[in-house]
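I need the structure of the sequence given here:
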Amino acid sequence: MHGKDFQALVTRQNGETVSNALEWRSPVSLSPGEVRIRTAYAGVNYKDCLAIQGQARIIRDFPRVGGIEAVGQIIESANSSFAVGDPVMAHGFDMGISQDGGFAQQLHVSGDHVQKIPSGLSLREAAVLGVPGFTVGLALDRFEAQGLTPQSGPVAVSGANGAVGMLTIALLAQAGYEVVALTRRAELAPALQQLGASEVLDTAITQSNRPLETARFAAAIDNVGGAVLSWLLRSMSDSGQIASVGNAAGNTFEGSVLPFFVRRVQIFGVLANAPWEQRYRVWNRLATEWRPDFALLEPYVHVVELADVPDLVQRQLKGAAHGRSLVAYGDLL
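Alright, predicted model coming up:
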């Protein structure tokens, strides 16, 4: 592989100190891979924030180019399944963890770890959905496999002001579900309703300590954990389903067994690094029947340059950012 040098945000570790800096790199410095991608967009996720700040043991070896997802075009391929110019996306498979990721203008990816963007989505639209949208799609795919329909009842969404939450609202509304949003930022209620939430609740409501709450939700997608997840468990209708997709409030929660054997509530986790059969199915649904109204999402898509990522990460970790954040690389815009 060969080509001109390009910029990358490189994360390094010196003792217990983790630092990030823009560096010029050449393709030969990247992790090995059969295809080389010119990056158009890279999402900035909560996991990325923790990783490049060293707040969790996510990156396995240093130095590393972070970024767990990327969207772009093939510029060189040694894999017959991909040709120069193909629009593609990559996420999972330890990208940004033990393989260099999307926080660079170019990256190498194994041919087994990349897929063409499905018909119906542009590069930017695929990036707006990204790992958060795919995570929501995995949850909804499983809900429906277990019998959930729009007629089953309302679906709760916690952490509604974040990227996962806003995409969840938009995707569920597109799929015909009644959505109830939970957020600690009451000032965002009009925006959440515009995206499709029929009701917005302040997370203060979750501080109740009753063993069971009024049964009100057929399903829930929880991106928070902690007291919010405990309250959701206590608030599910009979045979309700909860998808646990995040831990913004922490890794633990308190609860009782009552929701499980009184109301037959089910809870399952979602991991975005899904097998290929499921990836293709979910991404195709995201591009067709679940395709959200991107015009409604656009005001909450925040685009930054690669040099701005460290500051953006600090804001996201402090809860000062909302919506979907993307790094944009100008040569494909």
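
hey, where'd the helices end up in the stretch 51-200 of the chain?
123-145, 163-174, 189-195 (DSSP state H, counting those that start in this stretch).

Please tabulate the ones you listed in JSON lines, including the columns mean pLDDT, mean neighbour count and distance to residue 214.
Yep, even glycine has a C-beta here, placed from its N, CA and C like the rest. Formatted as JSON lines, the helices of the stretch 51-200 of the chain follow (pLDDT from 0 to 100; neighbours: other Cβ atoms under 10 Å; distance: least, Cβ to Cβ, whole Å):
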{"stretch": "helix 123-145", "mean pLDDT": "97", "mean neighbour count": "23", "distance to residue 214": "21"}
{"stretch": "helix 163-174", "mean pLDDT": "96", "mean neighbour count": "28", "distance to residue 214": "21"}
{"stretch": "helix 189-195", "mean pLDDT": "96", "mean neighbour count": "19", "distance to residue 214": "21"}
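
tell me the pLDDT at residue 322?
According to the prediction, residue 322 has pLDDT 82.

Distance from the chain centre to stretch 79-91, please.
22 Å (Cα atoms, centre = their mean, to the nearest Å).

Repeat that for stretch 70-81.
23 Å.

Turn the helices of the stretch 51-200 of the chain into TSV, including distance to residue 113.
Shown next, in TSV, are the helices of the stretch 51-200 of the chain (distance: least, Cβ to Cβ, whole Å):
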stretch	distance to residue 113
helix 123-145	14
helix 163-174	22
helix 189-195	32
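
between those, which gets nearest to residue 206?
helix 163-174 (14.7 Å; Cβ to Cβ).

That closest one vs helix 123-145, what angle?
With axes from the mean of the first three to the mean of the last three Cα atoms, to 10 degrees defining the directions, helix 163-174 sits at 70 degrees from helix 123-145.

among the helices of the stretch 51-200 of the chain, which is nearest residue 15?
Closest to residue 15 of the helices of the stretch 51-200 of the chain is helix 123-145 (Cβ to Cβ; 30.7 Å).

average model confidence for stretch 220-231?
Computed over stretch 220-231, the average pLDDT equals 95.

Any chance you could list what contacts it?
Contact partners of stretch 220-231, identified using Cβ atoms under 8 Å, 6 or more residues apart in numbering, comprise 136, 139, 155-159, 162, 164-165, 168, 182, 203, 205-208, 213, 232, 236, 240-255.

What subset of those is buried?
Buried members of the contacts of stretch 220-231, counted by 16 or more other Cβ atoms under 10 Å: 136, 139, 155-159, 162, 164-165, 168, 182, 203, 206, 213, 232, 236, 240-249, 253, 255.
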